[in-house]
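K.L.:
After the sequence you'll find the predicted model.
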Amino acid sequence: MKIVRKIVWLLLTLGLLILAVQTASPIALGLAACMVLLPLLCLPVNLYAAKKLRLAVRLPVNLRKSESGVAELTVQNPTWLPICQIACRVRLENQLNGEIQTVQIGCGVWPKGEKSMKIALQSPFCGRIRVNIESAKLYDCFGLIGVKANFDAHGACVVQPDTFLQTLVLSPAAAHIDDTEDYSNERPGYDLSEMFQIRDYVPGDSQRQIHWKLSHKYGKLIVKDPSLPITRSAAVFWERTENDPTCERTDAEAEIVVSVCRNLLSQSVQFTVGWNEESSGRCVFQQIRDMDDLIGLLPRLFTAKPAKGASGASLLLQELPAGSCSHLVYVAAERKAETDELASIGRLTALICGETFNETDYAAQLSELEL
């Protein structure tokens, strides 16, 4: 677009000069002079306005995968001077898989006015879309002379994963019931040492659940439902060390991690989510007590970039002592040399791409999972 404007300016200027020479017309000469002087006159205006303009970025907080959204960039001009054209180079990056898109947008702004520019947002992959201004320049009406403007404006939008339902079987043998004092108030479980509720007997109830004292008192069979311990020592770990990560594989891993977390919460299991972080070279851990904790974790989880060097499995073995959790769900794109050693930390369930699941049919393959 800028090239077209420059070509138009050049042709008009040359045409007016030729016309002025051939006809000796002062009007044509004056117009040619204006064509030359106008960009020069716009230069001090743009130099002044570049320091005064303000730019804000607004995005939707969340989007579904492949759902259309809009990023709105609003330019405010507090001066009494018009801005013929502001051109912005905008970078859209999915911080989870590294997918990058660059968009060029521009507009003019009236004095004491504001103008909004819109960019379509859409991604087939979950993650966190960060929008920031790579560069911005103010131009005259012909786009000849650019003046750099610095805008520290950015925003982010979380593209939610498509979670799927799972039937999780959590082995009570590894749940450390004796060490657990908290029980679910919402559903019964398997710990007969604590009573969830009492109710009338129905065919199929175990004789171990019959409350003989109350049954004798009321003259009918009364049973007690066992409680569900809230297991605090479970962990879900996402291995972020990959040789050749692909967007499809990263997307599948992210949805598996979040789906396992959601289904653990549905069973009143409190747990820890962890992953290895490229910037610090260490593992990050976050305890999840409820759905709000999980939703609040997604922006940070979805900025975890693929790490290099030591694998997350080896870091996990260094940072967590043996037997530190009851269950460990390990999600990875490929098996590491230390993967099997993670069984020393807790009962290991390794979900490895190419072994336990693939990038296209993972929801069906992991619909039933025993931990």
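P.N.:
Yes, it's here.

K.L.:
middle-most residue in this protein, spatially?
P.N.:
Nearest residue to the geometric centre of the chain (CA atoms, centre = their mean): residue 128, 2.7 Å.

K.L.:
Looking at strand pairing, list the partners for it.
P.N.:
The partner list for residue 128 in beta bridges (DSSP bridges) reads residue 158.

K.L.:
Looks like residue 45 contacts residue 81 (just checking).
P.N.:
Yes: under the criterion of CB atoms under 8 Å, residue 45 makes contact with residue 81 at 5.0 Å. All C-beta atoms are positioned from the backbone trio N, CA, C, and that covers glycine.

K.L.:
contacting residues for the nearest residue to residue 291 once chain neighbours are set aside?
P.N.:
Closest residue in space to residue 291, ignoring its immediate chain neighbours: residue 265 at 6.0 Å, by CB to CB, 6 or more residues apart in numbering. By CB atoms under 8 Å, 6 or more residues apart in numbering, the contact list for residue 265 reads 288, 290-291, 294.

K.L.:
can I assume residue 265 sits in a helix?
P.N.:
Yes: Residue 265: assigned to a helix according to DSSP: H, G, I helix; E, B strand; the rest coil.

K.L.:
so how far is residue 328 from it?
P.N.:
17 Å (CB to CB, to the nearest Å).

K.L.:
Grab the nearest non-local neighbour of residue 129.
P.N.:
In space, residue 129 is closest to residue 157, 4.7 Å off (CB to CB, 6+ apart).

K.L.:
ditto for residue 26
P.N.:
Residue 26 sits nearest to residue 20 (CB to CB, 6+ apart), 7.9 Å away.

K.L.:
circling back to that earlier point, residue contacts, the residue nearest to the centre of the chain?
P.N.:
Here residue 128 is in contact with 94-96, 156-159, 298-299, 302-303 (CB under 8 Å, 6+ apart).

K.L.:
Any chance of a PyMOL selection covering the buried ones in these?
P.N.:
To isolate the buried ones among these in PyMOL, judged by 16 or more other CB atoms under 10 Å, type:
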select buried, resi 94+95+96+156+157+158+159+298+302+303
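
K.L.:
Turn the contacts of residue 128 into CSV, including distance to residue 316, secondary structure and pLDDT.
P.N.:
As requested, the contacts of residue 128 are exported to CSV (distance: CB to CB, whole Å; DSSP: H, G, I helix; E, B strand; the rest coil; pLDDT from 0 to 100):
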residue, distance to residue 316, secondary structure, pLDDT
94, 26, strand, 94
95, 23, coil, 92
96, 20, coil, 92
156, 28, strand, 94
157, 31, strand, 94
158, 26, strand, 95
159, 28, strand, 95
298, 21, helix, 92
299, 23, helix, 92
302, 20, coil, 92
303, 20, coil, 90
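
K.L.:
pLDDT weak spots in the stretch 201-350 of the chain?
P.N.:
228-232 (pLDDT under 70).

K.L.:
do the same with the stretch 51-200 of the chain
P.N.:
Using pLDDT under 70, the stretch 51-200 of the chain drops low at 172-187, 189-191.

K.L.:
In this structure the residue nearest to residue 129 contacts residue 59, no?
P.N.:
Yes: Residue 157 is in contact with residue 59 according to CB under 8 Å; the separation is 4.4 Å.

K.L.:
if I look at these two, which residues touch both of them?
P.N.:
Shared contacts of residue 157 and residue 59, counting by CB under 8 Å, 6+ apart, come down to 69, 71, 121, 129, 131.

K.L.:
nearest to residue 141, of these?
P.N.:
residue 71 (26.6 Å; CB to CB).

K.L.:
so where does the closest one fall, helix or strand?
P.N.:
strand 69-77 (DSSP states H and E).

K.L.:
Which positions in that strand come out as buried?
P.N.:
In strand 69-77, counting by 16+ other CB under 10 Å, buried: 69, 71, 73, 75, 77.

K.L.:
quick one on the thing from earlier: ok, of the contacts of residue 265, which come out buried?
P.N.:
Buried among these by 16+ other CB under 10 Å: 288, 294.

K.L.:
In helices, which of the contacts of residue 265 appear?
P.N.:
291, 294 (DSSP state H).

K.L.:
With distance to residue 218 added, can I get the contacts of residue 265 in CSV?
P.N.:
Shown next, in CSV, are these (distance: CB to CB, whole Å):
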residue, distance to residue 218
288, 42
290, 37
291, 39
294, 43
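
K.L.:
farthest-separated two in the contacts of residue 265?
P.N.:
Once CB to CB is applied, these give 288 and 291 as the farthest pair, at 8.7 Å.

K.L.:
Where do the strands of the stretch 251-371 of the chain begin and end?
P.N.:
Taking DSSP state E, counting those that start in this stretch as the criterion, the stretch 251-371 of the chain contains strands spanning 271-276, 283-288, 327-332, 347-352, 368-370.

K.L.:
can I get those in JSON lines with distance to residue 164?
P.N.:
Formatted as JSON lines, the strands of the stretch 251-371 of the chain follow (distance: least, CB to CB, whole Å):
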{"stretch": "strand 271-276", "distance to residue 164": "18"}
{"stretch": "strand 283-288", "distance to residue 164": "18"}
{"stretch": "strand 327-332", "distance to residue 164": "14"}
{"stretch": "strand 347-352", "distance to residue 164": "13"}
{"stretch": "strand 368-370", "distance to residue 164": "11"}
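
K.L.:
Most tightly packed of those?
P.N.:
Comparing the strands of the stretch 251-371 of the chain by mean neighbour count (mean count of other CB atoms under 10 Å), strand 327-332 ranks first with a mean of 25.

K.L.:
Now do that strand against strand 271-276, angle only.
P.N.:
Relative orientation of strand 327-332 versus strand 271-276 (axes from the mean of the first three to the mean of the last three CA atoms, to 10 degrees): 30 degrees.

K.L.:
Fine, thanks again, bye for now.
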